[in-house]
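*Asks:* Could you work out the structure for the sequence below:
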Amino acid sequence: MKCFSTLTLFFTVLVAASRSEAAHPFLCCDHNGGKVCVVSAEGAIEWEYACKAPQDCWRLANGNYLFCFFSGAVEITPAKQIVWEYKAPEQTEVHACQPLTEGRVLICECGTSRLLEVDRAGKIAKEIKLTTTPEVKTHNQFRGARKTKHGHYLVCFKGEGKVVELDGDSRVLRAIKVPGDPHEVVALPDGHLLITCGDGHKVI
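*Replies:* Numbers count the residues shown, from 1 in each chain. Okay, here's the model as predicted:
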């Protein structure tokens with residue numbers, strides 16, 4: 001099966017959309033290409049930063065960029081100066097991050113099977129244990145993870161084909177089976193969940 005760069009797919013969508021409506025710049029992870037990019041409304045790469053297998057990215061209110069990649073997460077300035085960093089342990093993978101209040105960053109770590117809230121000093125302020133089946137190996141354990149406004153955590157259990165909601169004490173509140181391997185989950189204002197299903201080739 002051929003693999004195409006995520007950025008290539010974004011370009012395709014951007015060109016198609018620009019024919020009928022106004023385009024705008026966007027920030028994206030080029031997972032296969034190994035870089036995080038800012039793409040202009042005209043489809044040109046305005047800024048990029050090389051890293052291994054980036055998965056989740058944010059533009060912060062201060063203008064910096066927060067993103068995770070294979071072995072950790074960083075916040076960097078547009079001038080590419082690292083101002084915050086989390087380095088994951090050996091033989092683990094990081095596929096999700098989220099900026100939280102008080103400068104904390106949510107990290108989802110495969111291998112150690114845990115969610116972390118890391119403070120500005122790089123110290124772990126909170127840890128939520130995740131339980132997955134032994135048959136699911138490190139790379140396929142988890143993908144997207146988000147903390148909700150209610151203080152709960154939504155986690156994509158990629159290898160088990162489900163999205164799980166946990167409370168702040170690691171208790172499972174619900175598990176939702178989805179077609180394919182979930183890669184991202186977003187809580188919508190009406191309480192519904194928007195989920196991308198990876199090899200299920202669906203957004204539900």
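*Asks:* now the helices for this protein?
*Replies:* For the chain, the helices defined by DSSP state H occupy 6-18.
*Asks:* Flag the shaky bits of it, pLDDT-wise.
*Replies:* 1-22 (pLDDT under 70).
*Asks:* can we see that at 50?
*Replies:* 1-18, 20 (pLDDT under 50).
*Asks:* In this model residue 69 seems to touch residue 93, though I could be wrong.
*Replies:* No. Proximity of residue 93 to residue 69 does not meet the contact threshold set by C-beta atoms under 8 Å, at 9.3 Å. (Each C-beta comes from the backbone N, C-alpha and C, glycine too.)
*Asks:* Among those two, which residue is more densely surrounded?
*Replies:* Remark: of residue 93 and residue 69, residue 69 carries more neighbours, 26 against 23, as counted by other C-beta atoms under 10 Å.
*Asks:* Distance of the closest residue to the more buried one other than its chain neighbours relative to residue 94?
*Replies:* Nearest non-adjacent residue to residue 69, counting by C-beta to C-beta, 6 or more residues apart in numbering: residue 51, 4.1 Å away. In this view, residue 51 and residue 94 are 11 Å apart by C-beta to C-beta, to the nearest Å.
*Asks:* Can you work out which residues contact both of these two?
*Replies:* Jointly contacting residue 51 and residue 94 under the rule C-beta atoms under 8 Å, 6 or more residues apart in numbering are 69-70.
*Asks:* of those two, who's got more company?
*Replies:* More crowded of residue 51 and residue 94, by other C-beta under 10 Å: residue 94, with 25 against 20.
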